[in-house]
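Q: Sharing a model that was predicted from the sequence below.
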Amino acid sequence: MQRKAYVPGVAACLAVLLAGCTGGSGDGATADDSNPGQPGVATEAAEPGRYRTLPEPCGAVGDKTLDTLLPGLAEIPDEVQREKAYKGEPTLAYDTDRKVGCRWKVDSADAANHLLVDFERVVSYDTSVSDDSQAEQLFTKRVADADLPEPVVPESGSPSGSGAATGSDSPSGTPSSGSPSATASGATPSGDASSDPSAGATPAELQPRLLDDLGDEGYLDDELNDSGSTAKQRTVTVAFRTSNVVVTIEYAEQSATLGVVPDSEEMQDMARKLASQLADSLGG
């Protein structure tokens, strides 16, 4: 009987079967396709954020600032209660290295005022994404969730707005005040800016908006709750990001008198001044 021809290649393959012999083309290619041509080169880890700790939130706001934001605080008759009110109440926190906050509340003869200050330190668990980038993504989502109205560009020229630079392709040259977003958060269209302040109208320059002079990025929201027959409550929120820390200020006032609307300009001004102080304290 004629023997089959001996094939050296088959024998060699059998000899190294346990070592992973393959039927490749023999061009030296490997099964590992990571970093082709650069074996052993590791991806450089993204830089950590600027901040590794957070400030003590109840000590972040000075007594003089609290006196301005919370009228009636200094007039609390009981000394123990007054001291407790100045100290504030820490918010519930499960990891004080990542998120801390403090709230204050005081009632006066004219209104009830509430202040919340919140600090959040953002940490990326993806070595290819820096803490700053992660914080920027988080803040972008916060801005989107706030649903700020589109900026209102003041008209120039004729009262009809013809020829005015409106920043839109609208043939009528009318600002975007007619869009649903222009009335978000209790704000009213710019055309109603001259209406009675007691009706809750918010002038265009006081509408919710982005802030370019606070930290790396910031925004302001202004919401008037006038539902039902209860006294009107205005809540001004100022938030900003400095590197990998996001700071949020929530300042609310509810008038003790029906029909009286808390002043938007005054509340925004005080909230922004506090935000600037906190940004300075962070060094950002």
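A: Ah, there it is.
Q: and the helix or strand hosting Asp67, which residues are buried?
A: Taking DSSP states H and E as the criterion, Asp67 maps to helix 63-69. The neighbour-count check on helix 63-69 (16 or more other C-beta atoms under 10 Å) flags Leu66, Leu69 as buried. Every C-beta, even on glycine, is put in place using the N, C-alpha and C of the backbone.
Q: List the neighbours of it that are in contact with it.
A: Val61, Leu73, Ala74, Tyr86, Trp104, Asn113, Leu115, Tyr251, Met270, Lys273, Leu274, Gln277 (C-beta atoms under 8 Å, 6 or more residues apart in numbering).
Q: Dig out what the nearest residue to Tyr51 once chain neighbours are set aside forms beta bridges with.
A: Leaving aside its chain neighbours, Tyr51 sits nearest to Val245 (4.8 Å; criterion: C-beta to C-beta, 6 or more residues apart in numbering). Beta bridges link Val245 to Arg121, Thr242 when assigned by DSSP bridges.
Q: If I look at Val245, what pLDDT would I see?
A: For Val245, the pLDDT comes out at 97.
Q: Next one: it from Ala279, what distance?
A: Taking C-beta to C-beta, to the nearest Å as the measure, Val245 and Ala279 are separated by 10 Å.
Q: Cys102 now?
A: Between Cys102 and Ala279 the computed distance is 17 Å (C-beta to C-beta).
Q: what about Val245 and Ala279, which has more around it?
A: Neighbour totals were compared for Val245 and Ala279, and Val245 leads with 26 against 20 (other C-beta atoms under 10 Å).
Q: That one: what's it in contact with?
A: Counting by C-beta under 8 Å, 6+ apart, the residues that Val245 touches are Gly49, Arg50, Tyr51, Leu54, Phe119, Glu120, Arg121, Val122, Ala135, Leu282, Gly284.
Q: can you do 10 Å?
A: 49-51, 53-55, 119-122, 131-132, 135, 215-216, 278-279, 282, 284 (C-beta atoms under 10 Å, 6 or more residues apart in numbering).
Q: got it, and Asp118?
A: Counting by C-beta under 10 Å, 6+ apart, Asp118 makes contact with 57, 91, 93, 99-103, 239, 246-250.
Q: Phe240 too?
A: 139, 211, 213-220, 246-249, 272, 275-276, 278-279, 282, 284.
Q: quick one on the thing from earlier: could you pick out the buried ones from the contacts of Val245?
A: Buried members of the contacts of Val245, counted by 16+ other C-beta under 10 Å: 49-51, 54-55, 119-122, 131-132, 135, 215-216, 278-279, 282, 284.
Q: Quick check: helices, which of the residues you listed are part of them?
A: Within those, residues falling in helices by DSSP state H are Asp131, Asp132, Ala135, Leu278, Ala279, Leu282.
Q: Now the residue nearest to the fourth one when sequence neighbours are not counted: which helix or strand?
A: Nearest in space to Leu278, with sequence neighbours left out and distances taken as C-beta to C-beta, 6+ apart, is Val247 at 5.5 Å. Here Val247, judged by DSSP H and E, is contained in strand 245-255.
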